[in-house]
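K.L.:
all I have is the shape, not the residue letters:
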């Protein structure tokens with residue numbers, strides 16, 4: 001078997017199967033950790049037949065003090081491939097007692113080969129785990145051959161091999177004590193026996209990949225009329241963290257008119273993880289079961305409907321068990337002997353969940369009247385979801401942008417003919433689309449569902465969420481799909497070119513901001529730039545201004561005054577002719593002054609500040625005078 005170096009796999013995290021590691025550092029010390037097979041003895045008799053399945057679990061048991069800390073483990077279970085076949089193997093990740101429960105793990109895929117099955121996992125990062133007693137791996141076996149009558153076939157369920165080990169937090173290989181299991185199949189000639197009825201859950205195996213509702217039928221089998229049955233009862237149990245019973249429907253068997261002359265009385269009770277059911281054939285008015293014939297044969301007793309609660313890996317039995325150790329009651333009030341019931345094995349291998357997204361998730365417009373597209377996309381869609389219908393509403397602030405057109409994207413129509421409809425309103429766009437005649441292949445992968453064209457209708461401040469709401473994805477049977485939502489965001493960063501005439505020359509100043517900037521003024525006597533910027537009160541905005549060096553420059557620091565306070569600006573020399581300044585603005589409406597502090601030899605920086613303060617004082621005085629005149 002090809003093997004790789006385990007230490008390098010842990011360091012690089014580049015291997016897909018850490019459990020195949022073989023060339024690894026060996027620690028000869030014995031650790032108080034035991035790996036053992038449970039149950040230790042699997043005994044099967046002739047009644048099972050070929051095709052019978054059973055599970056074994058390999059456990060970690062640590063008797064050390066303190067407990068050992070593990071970074072990874074591997075279990076290689078070897079068996080006789082002529083007698084058995086390992087049909088499945090998995091890590092019990094849903095079990096809270098699992099060694100790495102709740103930790104970030106590599107998530108390795110079990111490896112199954114004739115005669116051996118490998119299961120293992122590794123932590124990610126520097127985390128460690130310790131536990132006194134934990135399940136490590138579960139193996140499902142199928143019986144391939146039945147020995148002749150009077151003979152026994154057996155084999156060892158062997159974990160005592162070099163490929164079963166664990167790694168400590170230093171990535172040293174540790175060898176646990178290993179206790180094997182034993183499989184034995186004894187075939188004996190069945191003694192003549194009375195035929196007994198039994199209960200069966202149908203289907204015997206239910207495999208799910210997505211949350212759907214499903215039904216489980218409970219049948220009675222091999223019932224003879226001589227048993228004089230008048231009542232049946234059972235106790236159905238299941239894992240309530242993954243599925244939940246939603247309804248019970250009595251079947252037709254007990255109420256068959258051939259024997260239920262007076263009808264039946266069915267009764268049931270549902271609680272978390274359990275359904276109790278009972279049904280009795282009603283007697284005559286005299287209290288007698290003088291039936292024309294008693295129930296016999298096979299028939300449906302009841303149907304239990306389930307819904308899926310958790311979209312996660314799981315495997316467990318939905319077990320139909322006798323209530324208070326009994327299934328059947330006869331006309332004399334005696335319990336009828338029965339054969340063991342046959343349960344349903346429920347397995348869940350979840351599909352990846354697709355995402356419905358606004359793309360791009362952040363769009364920045366730069367000018368009034370600009371048009372731009374926003375796509376609604378679907379990503380990571382598995383074909384087994386069988387998507388045929390999509391509905392969504394994208395909501396936005398119509399004060400800043402308006403939707404002008406909606407077009408169907410190419411994704412869904414790639415898989416067949418579609419219908420597409422939309423509705424525009426002031427603040428939203430509603431879309432629904434249907435794959436009416438799907439091809440053989442179901443929609444899968446990534447693609448664009450719809451494209452919405454927007455028009456910029458407002459200068460800054462202008463920002464809006466692009467929110468997906470009222471979303472619905474359905475499959476071919478009109479069942480809802482699971483999906484993730486990812487919304488978008490729009491804002492306006494207005495780009496303006498301001499023309500300045502100074503000293504008979506024309507200059508161009510460029511501004512970019514998420515606020516509204518008034519026309520830039522240039523004060524020739526003082527060599528300063530002035531403008532107002534307005535944004536939503538209580539928010540922080542920005543201004544990015546590019547200034548020609550021939551108009552204004554600074555040998556040292558630039559002086560930027562916003563709302564009467566000096567702010568720090570990031571200064572970048574774009575080239576030899578222009579300089580760019582970037583600074584933040586606490587919004588409402590603020591007046592901005594930018595001084596080229598090193599270009600006026602006759603004024604110092606302090607002088608320029610005094611000029612600014614004087615200007616601000618005069619402006620405030622003028623405002624107060626205007627207010628007084630209005631009051632008069």
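P.N.:
Arrived safely. Note that the structure is predicted; figures quoted are calculated from it, not measured.

K.L.:
hey, let's count contacts and neighbours off CA atoms from now on
P.N.:
Noted.

K.L.:
what strand or helix carries the closest residue to residue 403 other than its chain neighbours?
P.N.:
Spatial nearest neighbour of residue 403, chain neighbours left out: residue 454 (4.4 Å); criterion: CA to CA, 6 or more residues apart in numbering. Element membership for residue 454, per DSSP states H and E: strand 445-456.

K.L.:
list the contacts of that strand.
P.N.:
365, 367-383, 400-412 (CA atoms under 8 Å, 6 or more residues apart in numbering).

K.L.:
how far does it sit from the chain's center?
P.N.:
From the chain centre to the centre of strand 445-456 is a distance of 24 Å (CA atoms, centre = their mean, to the nearest Å).

K.L.:
pull out the buried residues from it.
P.N.:
The neighbour-count check on strand 445-456 (16 or more other CA atoms under 10 Å) flags 446-452, 454-456 as buried.

K.L.:
I'd like the next helix or strand past that strand.
P.N.:
strand 463-475.

K.L.:
parallel or antiparallel, which strands does the helix or strand that comes right after that following strand pair with?
P.N.:
Once the chain leaves strand 463-475, the next helix or strand it forms, by DSSP H and E, is strand 484-486. Counting by DSSP bridges, the strands paired with strand 484-486 are strand 355-359 (parallel).

K.L.:
list the buried ones in the partner strand?
P.N.:
355-359.

K.L.:
what does stretch 227-234 contact?
P.N.:
276-281, 294-295, 320-323, 326-331, 336.

K.L.:
of the residues you listed, which belong to strands?
P.N.:
Using DSSP state E, 276-281, 320-321, 328-330, 336 are the members of the contacts of stretch 227-234 that sit in strands.

K.L.:
out of those, which is nearest to residue 43?
P.N.:
residue 321 (21.3 Å; CA to CA).

K.L.:
from residue 277, how far out is that closest one?
P.N.:
Residue 321 sits at a distance of 11 Å from residue 277 (criterion: CA to CA, to the nearest Å).

K.L.:
common neighbours of those two, please.
P.N.:
Common neighbours of residue 321 and residue 277 (CA under 8 Å, 6+ apart) are 234-235.

K.L.:
residues making contact with stretch 419-436?
P.N.:
Residues outside stretch 419-436 that contact it (CA under 8 Å, 6+ apart): 388-398, 402-403, 406, 408, 412-413, 415-418.

K.L.:
give me the buried positions along stretch 314-325.
P.N.:
Those buried within stretch 314-325 under the rule 16+ other CA under 10 Å are 314-315, 317-323.

K.L.:
actually stretch 238-254, not the one I wrote
P.N.:
Across stretch 238-254, burial judged by 16+ other CA under 10 Å covers 238-239, 242-245, 248, 250-251, 253-254.

K.L.:
what's the answer for stretch 369-387, then?
P.N.:
371, 373-379, 381-382, 385-387.

K.L.:
grab the nearest non-local neighbour of residue 392.
P.N.:
Nearest one to residue 392, counting by CA to CA, 6+ apart, is residue 471 at 4.1 Å.

K.L.:
oh sorry, the question was meant for residue 371
P.N.:
residue 455 (4.4 Å).

K.L.:
separation between the one you found and residue 163?
P.N.:
From residue 455 to residue 163 the distance is 65 Å (CA to CA).

K.L.:
before we move on, what's the pLDDT of residue 12?
P.N.:
Residue 12 carries a pLDDT value of 30.

K.L.:
residue 623 now?
P.N.:
In this model, residue 623 is scored at 39, pLDDT.

K.L.:
check contacts around the closest residue to residue 451 other than its chain neighbours.
P.N.:
Nearest non-adjacent residue to residue 451, counting by CA to CA, 6+ apart: residue 375, 4.4 Å away. Contact criterion CA under 8 Å, 6+ apart gives 358-360, 448-452 as the residues in contact with residue 375.

K.L.:
from the chain's centre, how far out does the helix or strand where residue 375 lies sit?
P.N.:
In this assignment (DSSP H and E), residue 375 forms part of strand 371-381. Relative to the chain's own centre, strand 371-381 is displaced by 20 Å; criterion: CA atoms, centre = their mean.
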